[in-house]
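K.L.:
curious how this folds, go ahead:
(chains A and B)
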There are 2 protein chains.
Amino acid sequence: MSMWTKQATERARRLNAAAPLTDGKVVAGDNVTALLERIICSEDRVCLEGDNQKQADFLASCLTEVDPGLIHDLHIVQSGLVLSEHLDLFRLGIARKLDFSYSGPQSAAIARALDQGKIELGAIHTYIELFARYYIDLTPNVALIAAVSADRDGNLYTGPNTEDTPTIVEATAYKSGIVVAQVNRIVDRVPRVDIPADQIDFIVEAPRPFYVEPLFTRDPGAVTDTQVFMAMMALKGIYAKYRPKRLNHGIGFSTAAIELLLPTYGEELGLRGNVATHWALNPHPTLIPAIESGWVQQIHCFGSEVGMDAYMSARPDVYFTGKDGTLRSNRLLCQNAGLYACDMFIGSTLQIDLAGNSSTVTPDRIAGFGGAPNMGADAHGRRHTSDAWLKAGYEAAGAEGPLVRGRKLVVQMVETFGDGMKPAFVEELDSIALARKLNMPLAPVMIFGDDVTHIVTEEGIANLLLCRSTDDIEQAIRGVAGYTPVGMARDHAKVAELRARGVIQRPEDLGIDPLKANRNLLAARSIRDLVTWSDGLYAPPSKFRNW
Amino acid sequence: MSMWTKQATERARRLNAAAPLTDGKVVAGDNVTALLERIICSEDRVCLEGDNQKQADFLASCLTEVDPGLIHDLHIVQSGLVLSEHLDLFRLGIARKLDFSYSGPQSAAIARALDQGKIELGAIHTYIELFARYYIDLTPNVALIAAVSADRDGNLYTGPNTEDTPTIVEATAYKSGIVVAQVNRIVDRVPRVDIPADQIDFIVEAPRPFYVEPLFTRDPGAVTDTQVFMAMMALKGIYAKYRPKRLNHGIGFSTAAIELLLPTYGEELGLRGNVATHWALNPHPTLIPAIESGWVQQIHCFGSEVGMDAYMSARPDVYFTGKDGTLRSNRLLCQNAGLYACDMFIGSTLQIDLAGNSSTVTPDRIAGFGGAPNMGADAHGRRHTSDAWLKAGYEAAGAEGPLVRGRKLVVQMVETFGDGMKPAFVEELDSIALARKLNMPLAPVMIFGDDVTHIVTEEGIANLLLCRSTDDIEQAIRGVAGYTPVGMARDHAKVAELRARGVIQRPEDLGIDPLKANRNLLAARSIRDLVTWSDGLYAPPSKFRNW
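P.N.:
Down below sits the predicted model:
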């Protein structure tokens, strides 16, 4: 064996061992666990596709059934760790080390497992940071992925939920790794080839379609008057001021409220066509009224969203679609677009400290980052300008000129008190206690204060671009922190000075009457309204239907 | 026509008009210009693949022959503008607006064309910034690309020079655009499918293989003693200190010298296995001795390099290769890896100002940026740690702790006097004059000073991480600027203080004897030596062969 072809030799050995279990590339469902025992070795790096939405759930369940005596100490490298099976791997000793991005529903279970020493944590990444490492030092030996359908040669149709798949497969297949795809159906001819058969080693028809979580559906019926109020402030104080045309919205009701106000309050402000025309965005159902009202020119998506497929197929001028007529999503490309081609990121958070650092980690929940740290970071490598970007940069520098870079607008929206009346503003982030407990050199911070440009609460907007000292920043934050202990401890004279300087803007400074801020302003006030706006094309999941 | 399917309708209209000129997807070379006149319309956004290395040169030449009365005012959106035909499009009035990344050999012609108002400049981007905009606001209507071979269905083999192709095609094909591929050969079966036929509309066998420039080949015979000297300083002062395992090297003789010193001086410093094990790198022939000496675990490549293909095919444990045995490159993925998964970028520049801003623009040459601003930027979205990254961050902050982020090491190597004895250190970058002349809001700066961590010259190393004021930075830079006017104007007392603080390190501070710094330390002293190191697998282009 050549000293330079060890990986290819090992790959051939494993494929050879697996051959008796397969019919060409096709593996019967009952044989999958045995197959995995032959193609995976202890200490392998394994990506068990775990995206933000799509889950290779059948392969996950098969992997939990391998003999831990044979296969143990796997290093799991995947963006989403969201199924209970993903945690089972660690509980059973099949996996030991973890590098991931997002955990969502498993955030409490991950915190417990880390606490009990069941998981050796590599790091929590943003999505494209983890993808970056797939090509440098965390290349998977085996990838277990999910697609909609495959032909018998192994050509895959990933369909609307393409998401991470091409990025995972390329890293694995081109580095002598092994790729197994679970598909909903094996067909004679796939509707379009999203992944060529050359990159796929095995396919298995799963007993049920892969699981997808409707992560980005926000029921307009649950948007509160306070969220409408904050959305109005954001629209008048930030959208109307900077006029960002290219942007990303995070998950959450605050930004859903903004989406639902575009055709009403946004129209009143004369913003249609001047802001929010080009998006890097998941298929938010709450954007339908704005799309139908002619606000949106183009949207590129990270993934799909349950119920949105027929609507998007009927709106190909807006969405990226393939020749089969369905959405093409791609998380890496969309995250890169959010980093380098968007002028604004606006999203919600759980905790903000006095330097503007924000986090969604609590002592017993480690939700991961997803895309926020990437979308919410100022890209120092950006070299093209836009009016919105330059305006923000000039404010931050207090100067203009050929060496003054612009700034990405990074807006954090948060009500001063969150669920259970927990204050959103804190002297120290909970994530710091967690970092101490788990011996992490860097606390898991969602967005660092030096990247945040604005904080919006029901008390007003703090514009950190205009702050000139750490004291400015602290008092600007206290000044919008309401009746939280952090807010109560404000220096009133300093806050008044910041307001005079325009660093803090109150609703009345913006000419916004809180009495007018109510749900009647929303373009859609229920899921059913969204269906109507979509001309019946949006098909919400049953849990969102109450009619 | 539905108001939501205008793009698909327009696409169908164009394909229909083109049908009489084709045999299925296959177009005869003689018909290409006529085809382009039917599938391209004035004011379209067109990507005429123009990568860093690979060029769709036949399609470029056909595009220059369309009737400018029929097709004019195109908006060219492509990373590399490097062929004379690319400029001809503007001269002939076929194209008007330009968004690009890199121009290399056409840098003087672009400067002239801009000056004469022949080109309306959108912006100069880094590669993945332009790719980002392909998915947001610069989506191509038509992409004219290059591949090695195609089957008659249109499945493409892009082979070692995959580069930008998948990213361009995805943006175009999934947004109702039209994709034409020139290929070296139409074959019955491609060696591997890199781009599925579903994404390709037309293929044409070009009269000669697409042009590729050997951009990353540096003849060891041309490395000077001074470059060896600077490379020793970098190795002892930076590599040995921070121990970056994951890195990128820029183009240029200074970094080529470092590569050639790894197996000699690097070995002496005990660095093998502790630094420079994982790379985002073009296939530099000068890295062959280090690879053969066991320094390198893995390399992911932006593109290929003329003459390196057989060597890389024989080293699949190191390089990413496909099942056909040849390299798989991918510029987007590799640039993302360089941004998010590398701890160091080190490269050369032409000019540095007193704030550490650097540029390769001169009044009569606009070379563009390529990847440097991206590789050389500190990624604020990075959340995983490494020892090298944390060490740099702690130095910059003058503190450690759970909220102290690390820093990407961004090293600029430059001799104090460049070609024609032009000083590399200047009070004001030439690019500022250019920005004024062309009315650009932001000067084309390669790397901004706030991202630069170290400057290495033959006089020493300036560590900007340790600077605490703009005066520190200015004097640290003057302190390594040698006998240039900038260097002569140094404040000697301040420079002595900076040296005492370790901000400036002289060769003697590092224990490096300039008398020992000579070409005999290079692991290879000629192209022929590289061929020998490669076991005869490296096949240098004829212009580099002198035996």
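K.L.:
list the contacts of whichever helix or strand A:Thr33 is part of.
P.N.:
Following DSSP states H and E, the helix or strand that holds A:Thr33 is helix A:32-39. Residues from elsewhere that reach helix A:32-39 (CB atoms under 8 Å, 6 or more residues apart in numbering or on different chains): A:14-15, A:17-18, A:21-22, A:27, A:58-59, A:62-63, A:65-67, A:70-71, A:142, A:144, A:178, A:180, A:201-202, A:204. Backbone N, C-alpha and C define where each C-beta goes, glycine included.
K.L.:
how many neighbouring residues does the closest residue to A:Val180 other than its chain neighbours have?
P.N.:
The shortest distance from A:Val180 to any non-neighbouring residue, by CB to CB, 6 or more residues apart in numbering or on different chains, is to A:Phe202 (4.4 Å). Using other CB atoms under 10 Å in any protein chain shown, A:Phe202 has 25 neighbouring residues.
K.L.:
just the ones of the contacts of helix A:32-39 in strands?
P.N.:
Counting by DSSP state E, the part of the contacts of helix A:32-39 found in strands is A:22, A:27, A:142, A:144, A:178, A:180, A:202, A:204.
K.L.:
give me the buried subset of the residues you listed.
P.N.:
When those are checked for burial by 16 or more other CB atoms under 10 Å in any protein chain shown, the buried set is A:22, A:27, A:142, A:144, A:178, A:180, A:202, A:204.
K.L.:
got these as JSON lines, with distance to A:Ala290 and pLDDT columns?
P.N.:
Converted to JSON lines, those look like this (distance: CB to CB, whole Å; pLDDT from 0 to 100):
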{"residue": "A:Thr22", "distance to A:Ala290": "49", "pLDDT": "98"}
{"residue": "A:Val27", "distance to A:Ala290": "45", "pLDDT": "98"}
{"residue": "A:Val142", "distance to A:Ala290": "43", "pLDDT": "98"}
{"residue": "A:Leu144", "distance to A:Ala290": "38", "pLDDT": "98"}
{"residue": "A:Ile178", "distance to A:Ala290": "44", "pLDDT": "98"}
{"residue": "A:Val180", "distance to A:Ala290": "41", "pLDDT": "98"}
{"residue": "A:Phe202", "distance to A:Ala290": "43", "pLDDT": "98"}
{"residue": "A:Val204", "distance to A:Ala290": "41", "pLDDT": "98"}
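K.L.:
and which of those is nearest chain B?
P.N.:
Taking CB to the nearest CB as the measure, chain B lies nearest A:Ile178 of those, at 12.0 Å.
K.L.:
picking up where we left off before, tell me the one among the buried ones among the ones in strands among the contacts of helix A:32-39 nearest to A:Glu395.
P.N.:
A:Leu144 (47.7 Å; CB to CB).
K.L.:
partner residues bridging the closest one?
P.N.:
On DSSP bridges, the residues paired with A:Leu144 through beta bridges are A:Leu48, A:Val180.
K.L.:
how about the helices in the stretch 51-200 of chain A?
P.N.:
With DSSP state H, counting those that start in this stretch as the criterion, the stretch 51-200 of chain A has helices at A:57-64, A:84-91, A:107-115, A:127-134, A:165-173.
K.L.:
which strands and helices lie in contact with the first one?
P.N.:
The one in question is helix A:57-64. The elements that helix A:57-64 packs onto, with contact taken as 3 or more CB pairs under 8 Å, 6 or more residues apart in numbering or on different chains; DSSP states H and E, are helix A:32-39, strand A:45-48, helix A:84-91, strand A:142-150, strand A:178-186.
K.L.:
ok, and what's touching that helix?
P.N.:
Residues contacting helix A:57-64 (CB under 8 Å, 6+ apart): A:29, A:32-33, A:36, A:40, A:46, A:48-50, A:83, A:85-86, A:88-89, A:92, A:94, A:144-146, A:180, A:182, A:204, A:206-208, A:210-211.
K.L.:
between it and helix A:84-91, how many degrees?
P.N.:
Helix A:57-64 and helix A:84-91 are oriented at 20 degrees to each other (axes from the mean of the first three to the mean of the last three CA atoms, to 10 degrees).
K.L.:
and if you look at the fourth one?
P.N.:
Between helix A:127-134 and helix A:84-91, the angle formed by their directions is 50 degrees, by the same axes, to 10 degrees.
K.L.:
got it, and the last one?
P.N.:
Counting by the same axes, to 10 degrees, helix A:165-173 lies at 30 degrees to helix A:84-91.
K.L.:
hmm, back to that, next one: the helix holding A:Thr33 to chain centre, how far?
P.N.:
32 Å (CA atoms, centre = their mean, to the nearest Å).
K.L.:
now do that helix, average pLDDT.
P.N.:
The pLDDT scores in helix A:32-39 average 98.
K.L.:
what's the distance between A:Pro514 and chain B?
P.N.:
For A:Pro514, the distance to chain B equals 35 Å [CB to the nearest CB, to the nearest Å].
K.L.:
so in chain A, which helix runs the longest?
P.N.:
Of all segments of type helix in chain A, defined using DSSP state H, the longest is helix A:6-18.
K.L.:
which of the residues in that helix are buried?
P.N.:
Applying 16+ other CB under 10 Å to helix A:6-18 flags A:7-8, A:10-11, A:14, A:18 as buried.
K.L.:
what is the distance between that helix and the centre of its chain?
P.N.:
On the basis of CA atoms, centre = their mean, helix A:6-18 sits 36 Å off its chain's mean C-alpha point.
K.L.:
check which helices and strands it is in contact with.
P.N.:
With contacts taken as 3+ CB pairs under 8 Å, 6+ apart, helix A:6-18 sits against helix A:32-39, strand A:178-186.
K.L.:
what lies in contact with that helix?
P.N.:
A:1-2, A:35, A:38-39, A:41, A:175-178, A:201-202, B:316-317.
K.L.:
pick out the most distant pair among those residues.
P.N.:
Top of the distance list for these (CB to CB): A:Ser2 and A:Leu35, 27.5 Å.
K.L.:
neighbour count winner among the two?
P.N.:
Set A:Ser2 next to A:Leu35 and count neighbours by other CB under 10 Å: A:Leu35 wins out with 25 against 11.
K.L.:
and stretch A:75-94, end to end?
P.N.:
With CA to CA, to the nearest Å as the measure, stretch A:75-94 spans 9 Å from end to end.
K.L.:
how far away from the center of its chain is that stretch?
P.N.:
On the basis of CA atoms, centre = their mean, stretch A:75-94 sits 19 Å off its chain's mean C-alpha point.
K.L.:
excluding its backbone neighbours, what's nearest A:Gly511?
P.N.:
Leaving aside its sequence neighbours, A:Gly511 sits nearest to A:Lys236 (CB to CB, 6+ apart; 7.3 Å).
K.L.:
and the pLDDT for that neighbour?
P.N.:
98.
K.L.:
show the backbone phi and psi for it.
P.N.:
Dihedral pair for A:Lys236: phi -80, psi -40, per degrees, to the nearest 10.
K.L.:
ok, the one 10 residues further on next?
P.N.:
Listed backbone geometry of A:Arg246 is phi -110, psi 120, with angles given as degrees, to the nearest 10.
K.L.:
can you pull the contacts of it?
P.N.:
Contact analysis of A:Arg246 by CB under 8 Å, 6+ apart lists A:277-280, A:341-344, A:386, B:136-137.
K.L.:
okay, these in CSV with pLDDT, distance to B:Arg152 and neighbour count next?
P.N.:
Converted to CSV, the contacts of A:Arg246 look like this (pLDDT from 0 to 100; distance: CB to CB, whole Å; neighbours: other CB atoms under 10 Å in any protein chain shown):
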residue, pLDDT, distance to B:Arg152, neighbour count
A:Thr277, 98, 41, 17
A:His278, 98, 37, 24
A:Trp279, 98, 38, 29
A:Ala280, 98, 37, 29
A:Ala341, 98, 36, 29
A:Cys342, 98, 40, 28
A:Asp343, 98, 44, 26
A:Met344, 98, 46, 28
A:Ser386, 98, 44, 21
B:Ile136, 98, 35, 28
B:Asp137, 98, 36, 19
